[in-house]
Structures are given as C-alpha cells and as structure tokens.
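Enquirer: The following block contains a protein sequence and its predicted model.
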Amino acid sequence: MRIFTQDELHQYDGKEGRPAYVAFQGKVYDVSASFLWRSGKHQALHQAGKDLTEALKDAPHGEDLLFEFPVVGEFRT
C-alpha cells in the first residue's frame, strides 16, 4: 500500500480535476466520488489533501462515513 507524507497528500486537493484524498487515523481515503467533496471542499470547512483526524472529533457525523470510501494508502507524518 502506498505511503503518503504530508507533502504528497497535499497534492490530492481535489482542485483542477485532481483526486480528493483525506487522511484519518493513519489511512488515506479517496473521497473524490462524493458530491460533498466537490472541488476538494467539504461544507466550506475542510479541504481535501489534509489529515482530518482532529477535525472529525468536532464533526456532526461519525468517522464511519469515511469507511464508505476506498483506502488508497497510509499516512505518515
């Protein structure tokens, strides 16, 4: 499985046709297919290409929503 660093993950920001990837608890998820991540933004609060582990603690939904998306790698800081 591919290992993503912060710099590599940042390239997958969902802008200009690039895939939208987010990290959560050491895994990288491809959220590109979700209409909620259009243009790499989610609810105008979160940007793709980032680690959302801390941000999900305050989300109105649980982490289980991320588990619906394919895992494309591991995230290492």
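Expert: Done, it's in. No experiment lies behind these values; they were computed from the predicted model shown.

Enquirer: can we go C-alpha only for contacts and neighbour counts from here?
Expert: Will do.

Enquirer: where does this protein have low pLDDT?
Expert: Applying pLDDT under 70 to the chain flags the ranges 44, 60, 62.

Enquirer: would you list every one of the helices in it?
Expert: Taking DSSP state H, the helices of the chain run over residues 6-10.

Enquirer: can you map out the strands along it?
Expert: Taking DSSP state E as the test, the strands found in the chain are 2-4, 21-24, 27-30, 41-42, 46-47, 71-75.

Enquirer: Can I get the third one as CSV, trimmed to CA atoms?
Expert: What follows is strand 27-30, C-alpha atoms only, in CSV (Å, rounded to 0.1, in the frame of the first residue of the first chain):
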residue,chain,number,x,y,z
LYS,A,27,-5.2,5.9,6.5
VAL,A,28,-5.8,7.8,3.3
TYR,A,29,-9.2,7.8,1.8
ASP,A,30,-10.3,8.7,-1.8
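
Enquirer: What is that strand packed up against?
Expert: Other elements packing on strand 27-30 under the criterion 3 or more CA pairs under 8 Å, 6 or more residues apart in numbering; DSSP states H and E are strand 21-24, strand 71-75.
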